[in-house]
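**Student:** Predicted structure and sequence below. I'll ask about it afterward.
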Amino acid sequence: LVRRECKCKVPGTFSCSTTMMTAATSVVLSLLFSLVLASSKASLGSAFLHVPNGLRTASVRTETRTSTTIATAAAAAAAASVPSWSEIETKLDPALTTDTPGTTIDDPASFGKPQFSKSKLTFFKERHGWCPYTERVWIALEAKNVLYDIIHIDNVGYNRRPSYFSGQTPQIRWPDGTIQGESMDLVRKIDAQYNTDDDITLYPKDIENEVINKIRAFDQIFPRRTRPSSRAAFLFRYDGEPLWKNEFEKVLRETDELLGDNDNANNNKGPFFCGERFTAADIAWAPFLERYSAQLPCLHPGLNPRTDETNYPNLVRWYDAMDDLVPSYSCRIKGDASSWRKVLTMAGFGNAGVPLDVSERMEEAQADESQALSEEEEEKEQKIWETYSKTRPWVARTPSLEAAMTMTKNRDAILKDINKRASADLTEYTERELDEAMRAMICFLCQDEDEFNGDGTTALDRTKYAKIVGSLATYLDKRMCVPRDMGPRSAAKIKRLIPTVNEIVMN
């Protein structure tokens, strides 16, 4: 072979340093690469990421390569260390190949009426993760570790609802065929019928009346005369303006006092609404306090119940307890602050758009959440994750691996979404390049995982891929809806990757 080193830059591709072969060898490589390229094409799946956020529609460039260009790309691919999808799937096994115990129907209107299980309940669940009442039921099912089927219901596009469903979410079809609604009624029945975890009783007999009273207190404390909204509940008046700051402060103050209620000595022992134990009272309040922690700081400066220990010490302690002591909630069900900020652009404010000061506060919060965790915080997060995943073999070993697994399962749908809505930073790349970038991004995410670095086979040229990986991670972060697409701890890994790769690009 006659070889010479070549620096090339084909428009729209990565820079590469590769070895050029003789003409005969180039022909062979061209044929081989064409076969590999053809076999890698997969049908595009259903939409994976869909949060309307004003991103303009654009199309990814289609592949147009001469045989010479393909031969050059083949040599570059041979020299690159980005693993193939099959290699990535092997590294992610067994979680990737372990089926979840329940069936999920994402688009029931196109599916036809299913054969309902006679042994498992069917959970009619709002598909985006926006409905707080649906979240109540989801928290109960996961806290009790119940096995169930899911049918996603679109509360926005009513024409996409299946003919066999009517009414509002949440609903449950029990194994005996009866259908029931009303979130807290469902939570109570779940607690009564499923005792899969002896440590979790949502209505403990010794404090049952207290649990019920704390649930009822929600309707007395949270503001009335607000516009109904699953995305921005208890935030806006009917004219589209948010409630006054002092109205929110009153709600938070009374909630904090309820958490510190000393009528029952048990309350002094723990951070939850009924003392040391996580109960149905916490489930009733959690979806709404979760949204307040992300949305109130955007609406009014200096109003943050999640971090204000001076004014709301019991609330801060409750938020910490939900994150640390209820792993199924904090690892999978909880929506992240970024997603709750996004929905503010779809609710309230009428047709005036999001006020400038609100937008600025959103951007500041986004920057803060992208900061890397300390080593101590990483260790704490992993312990919480292990508690969550140890009873769920279909869940990956770490949040990073879970994010990688979700991307791997949905790679065709992600490419389809990019092709439909791509930002300017991604339009310069071909579909093949974006596919390679997704695989490179998984390597970035999992660079500290034994599955990817234990054998030394996935050492990546980080400088080569940093720019496109940064653009892809930014796009996914903007488009992602948490918890619909993945849990908050896995989504945070993608968000924290962005400044890391941007720093590589800058250097």
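**Tutor:** Thanks, I have the structure now. Residues are numbered from 1 along each chain as shown.
**Student:** can you pull the contacts of the residue nearest to Leu497 when sequence neighbours are not counted?
**Tutor:** Take Leu497 and drop its neighbours on the chain: the residue closest to it by Cβ to Cβ, 6 or more residues apart in numbering is Ala473, 5.0 Å away. (Each C-beta comes from the backbone N, C-alpha and C, glycine too.) Counting by Cβ atoms under 8 Å, 6 or more residues apart in numbering, Ala473 makes contact with 441, 494-495, 497-498, 501.
**Student:** For those, which two are the farthest from each other?
**Tutor:** Met441 and Lys495 (12.8 Å; Cβ to Cβ).
**Student:** wait, doesn't Met362 sit right on Pro297?
**Tutor:** No: using Cβ atoms under 8 Å, Met362 makes no contact with Pro297, being 9.2 Å away.
**Student:** Give me the more crowded residue out of these two.
**Tutor:** More crowded of Met362 and Pro297, by other Cβ atoms under 10 Å: Pro297, with 23 against 20.
**Student:** For that one, give me its contacts.
**Tutor:** Neighbouring residues of Pro297 by Cβ under 8 Å, 6+ apart: 303-304, 361, 365.
**Student:** From the chain's centroid, how far away is the helix or strand harbouring it?
**Tutor:** Per DSSP states H and E, Pro297 falls inside helix 280-299. Relative to its chain's centre, helix 280-299 lies at 17 Å (Cα atoms, centre = their mean, to the nearest Å).
**Student:** Tell me the first helix or strand C-terminal of it.
**Tutor:** helix 313-325.
**Student:** can you give me the strands in this protein?
**Tutor:** Using DSSP state E, the strands of the chain run over 4-8, 16-20, 104-105, 121-126, 148-153, 171-173, 179-181.
**Student:** Now the second one: average pLDDT?
**Tutor:** Read it as strand 16-20. What strand 16-20 shows for mean pLDDT is 35.
**Student:** Low-confidence regions, this protein specifically.
**Tutor:** 1-80, 158-159, 196-198, 262-269, 348-353, 422, 454-459 (pLDDT under 70).
**Student:** wait, Ala337 sits on Glu364?
**Tutor:** No: between Ala337 and Glu364 there is no contact under Cβ under 8 Å: 11.7 Å.
**Student:** more neighbours, these two?
**Tutor:** Legend: neighbour count by other Cβ under 10 Å for Ala337 and Glu364, higher for Ala337 (24 against 12).
**Student:** how much space is there between the more buried one and Arg188?
**Tutor:** 30 Å (Cβ to Cβ, to the nearest Å).
**Student:** cool, Glu428 as well?
**Tutor:** From Glu428 over to Arg188 (counting by Cβ to Cβ), the distance is 55 Å.
**Student:** Between these two, tell me which one has more neighbours.
**Tutor:** Neighbours were counted for Glu428 and for Arg188 using other Cβ under 10 Å; Arg188 has more, 18 against 15.
**Student:** OK, contacts around the closest residue to that one other than its chain neighbours?
**Tutor:** Nearest residue to Arg188 in three dimensions, chain neighbours excluded: Tyr203, at 6.4 Å (Cβ to Cβ, 6+ apart). Residues in contact with Tyr203 (Cβ under 8 Å, 6+ apart) are 188, 191-192, 211-212, 279-280.
**Student:** Cys443 too?
**Tutor:** So Cys443 contacts 82-83, 452, 458, 460 (Cβ under 8 Å, 6+ apart).
**Student:** could you pull out the helices for the stretch 401-507 of the chain?
**Tutor:** Ranges of helices in the stretch 401-507 of the chain, per DSSP state H, counting those that start in this stretch, are 411-421, 431-445, 450-453, 462-479, 488-506.
**Student:** between those helices, which one is nearest to Thr98?
**Tutor:** Closest of these to Thr98 is helix 450-453, at 14.9 Å (criterion: Cβ to Cβ).
**Student:** Against which helices or strands is the closest one packed?
**Tutor:** Applying 3 or more Cβ pairs under 8 Å, 6 or more residues apart in numbering; DSSP states H and E, one finds that helix 450-453 contacts helix 85-92.
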